[in-house]
Structures are given as C-alpha cells and as structure tokens.
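Visitor: Here is a sequence together with a model predicted from it:
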Amino acid sequence: MQYITLNDGVQIPQVGLGVWRVSDAEAYGAVTTALEAGYRHVDTAAAYENEGGVGRAIRDSGIPRKDVFLTTKLWNGDHGYDAALRAFDKSLERLGTEYVDLYLIHWPVPEQDLYIESWRALEKIHSDGRARAIGVSNFSAETLERLVKESKKVPSINQIELHPYFCQPAMRQLNEKLGIVTEDWSPLGQGGDLLQEPVLTRIGDAKGKTAAQVVLRWHIQLGDVVIPKSVTASRIVENIDVFDFELTSAEMDEITELRRDDGRIGPDPDHFN
Ligand code: NAD
C-alpha cells in the first residue's frame, strides 16, 4: 500500500474501500473481506446508513483502530455549526469509535449557504482531536476558494467525482495549488461502459491486469486517493492488487483521452441539495 501525506501531516492509504449504496449488513461483510485483503482505509458517510456495519467490522477484525483509516461525512440536512457538531457525535456513536481519521462536508449545498459555519464545526472537531484530518467533498472552484479565504484551516482533501470520462483537470490543479489532496469518487465510472473500453482491456491484457485495475492504476499515478466500491470478494481483492505494475506516460495519456464533454455521472455540486 502507498500512503499520501495530507497538509496536516496525517497519512492516508492511497486506496480505500467505498461503501455507497451498500446496506449495513453488506457493509459489515465487505469491510471484513477488505481488511483481510489488506485494505486499511474505508470511506463511508452518515447518508450511506451503514456506519454501524462499518464500525463493527473494524472492531471485530482485531486490527488496532489506529491502523485503519476511517472516513465519514456530514450530510446536507445537518449543515450549520451546532447541527454539524451534533451530527458528528451521532456518527461517532454509530461507528462505535472515539475519533475518525477524516471528516468531510459531503456537499457544499450553496443554496443553504451554511458550509462556512459547518466548516467552523469541523475545525473545532479537528482541534479537539476527534477527527485527525478534515476536508470537503464536491466543492467547486467557487465554493472551495471562498472556504479557504474565510477560514483558518485549509481542507486536507477535496473528494470529487473523477474517472477517465470525467477527468476534472482544472479542479485537480486548483486542489493542488491550495495544498489539498484530490480524492476520486466513482473511480470506476460506477462499473458502467468505462470498463468495456478497448484501450483499457488492451493495456490490461498486455500486463495481465483487468480493465478495472488499469483504471485504478491511472488514478494512483495521477497522485490521487481512490476509493473503489465492491461487495464482491474477488473484486475487492482485485481492486487493491494494483501496486505491482506501472502505466507508461503514453498509456496514462491514452486513458485520459477517454474524457467526454458529458462525462459526469453524478449531480452537479453547485445545484445539489
Ligand atoms: P465505483 O466507480 O467505485 O464503481 C463501483 C461499481 O463498479 C461496483 O458496484 C461494481 O458494479 C463495479 N466494480 C467494482 N469493482 C469492479 C471490478 N474489479 N471489476 C468490474 N466491476 C467492478 O462507484 P461508486 O460506488 O459510485 O464510488 C466509489 C465510492 O466513492 C463510493 O462507494 C463512496 O464511498 C464514494 N462516493 C462519494 C460520493 C460523494 O459525494 N462524496 C459520491 C459517490 C461515491
């Protein structure tokens, strides 16, 4: 496993398991399998309604809590200083842990205009040591630049939709300029057409790797953190087996060339509430 050092010195494993649209019971199984396969990083959220299963799987694994990097997120209906502090307490309770490694604002929800207040709560949680690192998700140039300008603490991470169909070069560049690590959600394009792209199977065949592994390797070589989701044991194992091969810069470019003008899969963060 490779680690990336965040702007406050915290180290994050570059590959983690995502558990969106996974039931609480399934999350228990998937996280158990992932920890056995060598994962040490899990990405959940209050909105996924599986923090309980994730927390139980980590505890039951017998792996010391300090060796597992655990992320959860503040949901849109819990923005505001007091509401965010309360929501964080509830997440910790469900997770059954005294701290998380990373707490993110899930969406900025510009329409509510409460994300600066929510960030104050995250800064407090961080200074109290209850989140080792804090960050944001789905922040655009506008929302991120405002947050940085009006705050003491620069987020450690901006977790955004990013895959070869939707490469977000400008947003990656801005994150980097601000000292923020880019974390890529839906890295496999949610397992749709992307994984059938001939360029990916061609590169994979030549290296004895699958299309999914080639895509994940592309994210790693970009320097991003990546959180593929699967509940299938063989895929969970496959998705972390990406540290024994390399893509050439020509192959990296070929994959980036898959980008599409309409490549976004998820909602537009500037209008999502
Ligand atoms: P993903 O791109 O990780 O795709 C997951 C799907 O790809 C699986 O359901 C499966 O169908 C397929 N798949 C997985 N491994 C495969 C393999 N080896 N071979 C073939 N097919 C495979 O999609 P995602 O779940 O949307 O994103 C990953 C994680 O990112 C989420 O689980 C969640 O943790 C996070 N996320 C965050 C946000 C946010 O707003 N911050 C939004 C979406 C997702």
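Guide: Structure's in. What do you need? Residues are numbered from 1 along each chain as shown.
Visitor: and Ser137, how far is that from the ligand?
Guide: Per C-beta to the nearest ligand atom, to the nearest Å, Ser137 is found 4 Å from the ligand. Every residue, glycine included, has its C-beta placed from N, CA and C.
Visitor: Which residue is the nearest non-sequential neighbour of that residue?
Guide: Of all residues not flanking Ser137 in the chain, Gln159 sits nearest, at 3.9 Å (C-beta to C-beta, 6 or more residues apart in numbering).
Visitor: CA atoms of the helix or strand harbouring that neighbour as CSV?
Guide: Following DSSP states H and E, one finds Gln159 within strand 157-161. What follows is strand 157-161, C-alpha atoms only, in CSV (Å, rounded to 0.1, in the frame of the first residue of the first chain):
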residue,chain,number,x,y,z
ILE,A,157,-8.9,16.6,1.0
ASN,A,158,-11.5,17.5,-1.7
GLN,A,159,-13.3,14.3,-2.6
ILE,A,160,-14.8,14.8,-6.1
GLU,A,161,-16.3,12.7,-9.0
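Visitor: after it comes which helix or strand?
Guide: Per DSSP H and E, the first helix or strand lying C-terminal to strand 157-161 is helix 169-177.
Visitor: Next, see if the helix or strand just after that next one gets close to the ligand.
Guide: Of the helices and strands lying after helix 169-177 in sequence (DSSP H and E), the nearest is strand 181-185. Yes - applying C-beta under 6 Å from any ligand atom, one finds strand 181-185 touching the ligand at Trp185.
Visitor: Who are the packing partners of strand 181-185?
Guide: Strand 181-185 sits against strand 131-137, strand 157-161, helix 169-177, strand 225-226, with contacts defined as 3 or more C-beta pairs under 8 Å, 6 or more residues apart in numbering; DSSP states H and E.
Visitor: which other residues reach that strand?
Guide: 4, 6-7, 12, 18, 135, 137, 156-163, 168, 171-172, 175-176, 219, 222-227, 266 (C-beta atoms under 8 Å, 6 or more residues apart in numbering).
Visitor: so what strands line up beside that strand?
Guide: Partners of strand 181-185 in the sheet, by DSSP bridges, are strand 157-161 (parallel), strand 225-226 (parallel).
Visitor: So which residues make contact with the last one?
Guide: Outside of strand 225-226, the residues that reach it under the criterion C-beta under 8 Å, 6+ apart are 4, 12-16, 157, 159, 181-184, 187, 216, 219-220.
Visitor: close to the ligand, is that strand?
Guide: No - figure legend: strand 225-226 not in contact with the ligand (C-beta under 6 Å from any ligand atom); closest approach 8.6 Å.
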